[in-house]
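Chemist: sequence? don't have it. structure:
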């Protein structure tokens, strides 16, 4: 395909898997039974993604508890009362709080990639959580005997290892999830937190070569959980200049659900640097309506008026189910939307003759 197209990551889990996770948490089924459910869901997800014609797939995050907490699931030095993230519909997600050091990942994304590659027949990309998101685990009151500086040093090492292992395992690319970028402006309109987040992530990225960074990207959106968002009311204009300061080769931008896509595309054009690939969102995962290939085609052609064709790609605005218990989107709907993205992108490429 002349215009690259990729998913963001998560696919709604089968009901059997969600029920199994609940049963496993209460000791009603064994680890072996849980592993069997995970394997079945992963196999089916990869098969369905490949049937959409997707040239690049993910594992659908079927075995992750969430896109943000996978590295820390199972750690014993965490408390449940960390930072709460409110969504527009009134529900919230709460991060855990680190209670002692040192900080170490319990799980690395390489494991998910390795398992998916066993079943996939096309390239597999891998999403990882940003260092800036995990920096929120450290409490404002501090931790006795474990300074914030020591925590950040450990965090950098773990985040680098997470990305590096995926690259070494042969990931098509590694996507850093940075959904907290837009949220940070809501929490701090001065953008001090946003600039701090960009700085943290760039310190991790500085550990990679220029060639390696061409295979590293960053995804931004206003959140997408249970058909709601946490920061869609924040103007994209406040985020994009800082976002493009991140030293990566790929940007995955939520766009389909924006009320003024032209405004956003003009901002992208102003901030885009040579050599960067821009994957624009042409599918809205939290809208139950399935886009037609023609709608996708028109959104791609619209983007091509502002983004050079050799720097343009397409994606979904965000994952379809970033938290394992999110059942707001039907699994079949997600695959129909992805199929429309693939077909619509190809239709646009044929019109653009690229």
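Modeler: Nice, I can see it. All values reported here derive from a predicted model rather than from experimental measurement.

Chemist: Which of the residues in stretch 190-199 are classified as buried?
Modeler: Within stretch 190-199, the residues that qualify as buried by neighbour count (16 or more other CB atoms under 10 Å) are 191, 193-194, 197-198. C-betas here are computed from N, CA, C, even on glycine.

Chemist: could these go into a markdown table alongside distance to residue 275?
Modeler: Compiled in a markdown table, the buried residues of stretch 190-199 are given as follows (distance: CB to CB, whole Å):
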| residue | distance to residue 275 |
| --- | --- |
| 191 | 26 |
| 193 | 28 |
| 194 | 24 |
| 197 | 23 |
| 198 | 19 |
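
Chemist: Could you tell me which of the residues you listed are located in helices?
Modeler: Among the buried residues of stretch 190-199, the residues falling in helices (DSSP state H) are 193-194, 197-198.

Chemist: Make TSV out of the buried residues of stretch 190-199 and add distance to residue 238 and pLDDT.
Modeler: As requested, the buried residues of stretch 190-199 are arranged in TSV below (distance: CB to CB, whole Å; pLDDT from 0 to 100):
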residue	distance to residue 238	pLDDT
191	7	95
193	12	96
194	8	96
197	13	97
198	13	97
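
Chemist: Among those, which one sits closest to residue 235?
Modeler: When the buried residues of stretch 190-199 are compared for distance to residue 235 (CB to CB), residue 191 wins out at 11.8 Å.

Chemist: give me every residue that touches that closest one.
Modeler: By CB atoms under 8 Å, 6 or more residues apart in numbering, residue 191 lies in contact with 184-185, 238, 242.

Chemist: can I assume residue 298 sits in a strand?
Modeler: No. Assignment of residue 298 by DSSP: H, G, I helix; E, B strand; the rest coil gives helix, placing it outside any strand.

Chemist: change the start of the numbering to 19 and stick with it
Modeler: Sure, I'll start counting at 19 from here, so that last one is residue 316.

Chemist: what number of residues lie near it?
Modeler: Neighbourhood size, residue 316 [other CB atoms under 10 Å]: 15.

Chemist: cool, residue 338 as well?
Modeler: Residue 338: 28 surrounding residues under other CB under 10 Å.

Chemist: quick one on the thing from earlier: switch the ones in helices among the buried residues of stretch 208-217 over to CSV; also include distance to residue 307.
Modeler: As requested, these are exported to CSV (distance: CB to CB, whole Å):
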residue, distance to residue 307
211, 35
212, 32
215, 33
216, 34
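
Chemist: And stretch 237-246, end to end?
Modeler: Using CA to CA, to the nearest Å, the end-to-end distance of stretch 237-246 comes to 18 Å.
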